[in-house]
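[1] Got a predicted structure here, sequence first:
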Amino acid sequence: MPIAPASSVPKRTGDVPANILKRLLKETRTGAIVCLGSGPHNLVSNEIAKLIFDDCGDRLPVRFRWPQKGRRDADFLNEPDWLGGIYPDQPAGIWYLDSHQAFFLPRETDTFIRDYLSEKKNPKRSLFYDCGLLVIDVRKRVPLVLAAGHGGNATRACVQALSRHDIIADGLKKSPLKGRFVGCLVVARKKPTNNASDDLMFAEKKGRSWYLYAIDNEPEGLQFPEIKPVRIPQRP
């Protein structure tokens, strides 16, 4: 079954993300469309998200928080204003929402990590956290997959999570969104050096450095951040 990775589709002159996706969906040899990366980094992700959540209106089950205005403006899944005032000290992450509660999965940005390592603290922390979104839509002939990390390591983790066939199959059965699996990942990263280079990597060379929040068990031996629910009396 041919799989078309939407992030590597050759572009034609004048192509826009919506046209790229339409062309893939019409191609009879396309067995599935897998899109890697979040909206600000891969604009096809926005078009995939619109198709996957086509019946949700503004009640999307996941939202991204970005520290940069340009990225906020470029992301279909960007958080609405009513979420923006919660955890104002957390500049980046993903909201995982249900009808009454919201869960914020933080991402520690490159700026935060650089500033932290420049401070004279002892002992230094060895782990830093990222988050990602994995969504699978099997309602139509061509399945749609969105593997969108907030950072690069989280995108890699989303791809790895596709191997959790049992969890995905069970999640599809239990999902409130018919024919769709929605999972958010928490990812542990380490930085082998204290310099300014972007050399973050998975915390574990072998085994998982991530888990699917509220679906999966945390890997042993890694201390993940505590995630507390925020009560939403009534979503706008």
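    Looks like it came in fine.
[2] can we go C-alpha only for contacts and neighbour counts from here?
    Will do.
[3] Just the CA trace of stretch 150-167, in PDB.
    Taking C-alpha atoms only, stretch 150-167 is exported to PDB below (Å, rounded to 0.1, in the frame of the first residue of the first chain):
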ATOM      1  CA  HIS A 150       5.900  20.800  19.200                       C
ATOM      2  CA  GLY A 151       9.700  20.200  18.800                       C
ATOM      3  CA  GLY A 152      11.600  17.900  16.500                       C
ATOM      4  CA  ASN A 153      12.100  15.100  19.100                       C
ATOM      5  CA  ALA A 154       8.400  15.000  19.700                       C
ATOM      6  CA  THR A 155       7.700  14.500  16.000                       C
ATOM      7  CA  ARG A 156      10.100  11.600  16.100                       C
ATOM      8  CA  ALA A 157       8.200  10.200  19.100                       C
ATOM      9  CA  CYS A 158       4.900  10.500  17.300                       C
ATOM     10  CA  VAL A 159       6.300   8.400  14.400                       C
ATOM     11  CA  GLN A 160       7.500   5.800  16.900                       C
ATOM     12  CA  ALA A 161       4.100   5.800  18.500                       C
ATOM     13  CA  LEU A 162       2.500   4.500  15.300                       C
ATOM     14  CA  SER A 163       3.900   1.100  16.300                       C
ATOM     15  CA  ARG A 164       1.500   1.000  19.300                       C
ATOM     16  CA  HIS A 165      -1.100  -0.900  17.300                       C
ATOM     17  CA  ASP A 166      -3.000  -2.200  20.300                       C
ATOM     18  CA  ILE A 167      -3.300   1.200  22.000                       C
END
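[4] In that stretch, which residues are buried?
    Neighbour-count burial for stretch 150-167, counted by 16 or more other CA atoms under 10 Å, picks out His150, Gly151, Gly152, Asn153, Ala154, Thr155, Arg156, Ala157, Cys158, Val159, Ala161, Ile167.
[5] Same check on stretch 99-112?
    Here stretch 99-112 shows Ala102, Phe103, Phe104, Leu105, Pro106, Arg107, Glu108, Thr109 as buried, counting by 16+ other CA under 10 Å.
[6] so who does the closest residue to the last one other than its chain neighbours touch?
    Spelled out, it's Thr109. Leaving aside its chain neighbours, Thr109 sits nearest to Ala92 (7.0 Å; criterion: CA to CA, 6 or more residues apart in numbering). By CA atoms under 8 Å, 6 or more residues apart in numbering, Ala92 lies in contact with Phe64, Arg65, Trp66, Pro67, Pro106, Arg107, Glu108, Thr109.
[7] what element comes up after the helix or strand of the chain with the lowest mean pLDDT heading to the C-terminus?
    Sorted by mean pLDDT, DSSP states H and E, the helices and strands of the chain end with strand 3-5, the least confident at a mean of 53. Counting by DSSP states H and E, the next helix or strand C-terminal to strand 3-5 is helix 17-26.
[8] Buried ones in that next one, by neighbour count?
    Here helix 17-26 shows Pro17, Ile20, Leu21, Leu24, Leu25 as buried, counting by 16+ other CA under 10 Å.
[9] Thought Leu43 was touching the first one, still the case?
    Yes - here Pro17 reaches Leu43: they are 6.1 Å apart, a contact under CA atoms under 8 Å.
[10] now, which of the buried residues of helix 17-26 sits nearest Trp82?
    Pro17 (28.5 Å; CA to CA).
[11] Quick check: the gap between the closest one and Lys50.
    As defined by CA to CA, to the nearest Å, Pro17 lies at a distance of 12 Å from Lys50.
[12] And for Leu134?
    Distance from Leu134 to Lys50, by CA to CA: 14 Å.
[13] Tell me which of the two has more neighbours.
    Leu134 (24 against 15; other CA atoms under 10 Å).
[14] Fine by me, thanks again.
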